[in-house]
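# With the sequence up front, the predicted model follows.
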Amino acid sequence: MATKLQISIVLPAHNEAENLPALVKDITGYMHELGWDYEIIAVDDGSTDSTKEVIERLRSGDNRIKGVYHPKNRGYGAAVRSGFSAAEKEWVFFTDSDRQFDIKEISKLAEYSDSADLVIGYRKNRRDNFMRKLNAGIFNLAVNILFGLWVRDIDCAFKLIRKEVVQKARLESNGALINTELLVRAKKFGYKIKQVPVSHYPRLKGEQSGANIKVILRAVKEILLFRLTGRTVSGPTEFP
């Protein structure tokens, strides 16, 4: 049995009304099985479907579920940061709301909670289309070379992090660079990172947005700015 944790589970969501009910059910069921002290923070990043209404309905039946709402779409990084800001537990875990991961594999990460400050998954068999995997591979290689991280799967959305790491990192990114920023700053501050293989499954409902050309261009802009200045924004940032 995995080490018992006090954990805030952050779910960034953009147009995930079809996936959230089943995902939250899976999470609550497994948390009860483990006996962990947990909360779920679902972040609606300006969805145009009924994601907000779904979160409100889920919250009405369980006071361990929190809802955070962006009036307009601010980006993946902004959604993750909003979730982190609302987190109250000792550990923070985040995963995407598209159900491409198995929440039960969080136990694999928890096994290293006594020896690492960030336990991050890497997809051992990524179940995405060729172009998405190609874009991700090029981005991953570029980030590793530019920042000396040598992480196998930087953007894998299955990460367990001590809350103090998030607080000290003072994350700024509103876009896809959020994982890079987190890991670069964690390494800078001397936190220990452990990488663990996790399963990955095809998306069955909803639409992917990560391969959108606007998302990719924003990531390129942010990575260059971050490498040159150590910042992911051009001026003072407002932490959500």
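It's in.
# Near residue 138, how many other residues are there?
10 (other CB atoms under 10 Å). Using the backbone N, CA and C atoms, a C-beta is placed for each residue, glycine as well.
# residues in contact with it?
By CB atoms under 8 Å, 6 or more residues apart in numbering, the contact set of residue 138 is empty.
# Report the mean confidence score over the strand or helix carrying it.
Using DSSP states H and E, residue 138 sits within helix 130-147. Helix 130-147 shows a mean pLDDT of 82.
# again, but for stretch 14-23
97.
# what comes up buried for it?
The neighbour-count check on stretch 14-23 (16 or more other CB atoms under 10 Å) flags 14-20, 23 as buried.
# Give the rounded mean pLDDT of stretch 162-179.
Here the average pLDDT along stretch 162-179 is 93.
# residues of it that come out buried?
Result for stretch 162-179 [16+ other CB under 10 Å]: buried residues 162-163, 165-166, 169, 171-179.
# In helices, which of these fall?
163, 165-166, 169, 178-179 (DSSP state H).
# which residues sit in contact with the residue nearest to residue 16 when sequence neighbours are not counted?
Spatial nearest neighbour of residue 16, chain neighbours left out: residue 97 (4.0 Å); criterion: CB to CB, 6 or more residues apart in numbering. Neighbour list for residue 97: 11-13, 16, 19-20, 23, 42 [criterion: CB under 8 Å, 6+ apart].
# what's the neighbour count on residue 118?
22.
# Test my guess that it contacts residue 195.
No: counting by CB atoms under 8 Å, residue 195 is not a contact partner of residue 118; they are 9.3 Å apart.
# Out of the buried residues of stretch 14-23, which is nearest to residue 65?
Lowest distance from residue 65 to the buried residues of stretch 14-23 (CB to CB) belongs to residue 20, with 10.2 Å.
# residues in contact with residue 193?
Residue 193 touches 116-120, 151, 183, 186-187, counting by CB under 8 Å, 6+ apart.
# with those in mind, which one is nearest to residue 4?
Nearest to residue 4 among the contacts of residue 193, with distances taken as CB to CB, is residue 119, at 15.1 Å.
# taking the mean pLDDT, what do you get for the particular helix or strand that has that closest one in it?
Assigned by DSSP H and E, residue 119 falls within strand 118-123. Across strand 118-123, pLDDT averages out at 97.
# What pairs with that strand, parallel or antiparallel?
With DSSP bridges as the test, strand 118-123 is paired with strand 158-162 (antiparallel), strand 193-198 (parallel).
# Now do it: everything it contacts.
101, 105, 108-110, 112-113, 151-153, 156, 158-162, 165, 182-183, 186, 191-200.
# Dump it to CSV, restricted to CA.
Output in CSV follows, covering the C-alpha atoms of strand 118-123 (Å, rounded to 0.1, in the frame of the first residue of the first chain):
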residue,chain,number,x,y,z
LEU,A,118,8.8,16.1,-7.3
VAL,A,119,7.8,12.7,-8.6
ILE,A,120,6.9,13.0,-12.3
GLY,A,121,5.5,10.5,-14.7
TYR,A,122,6.7,9.8,-18.2
ARG,A,123,4.4,8.2,-20.8
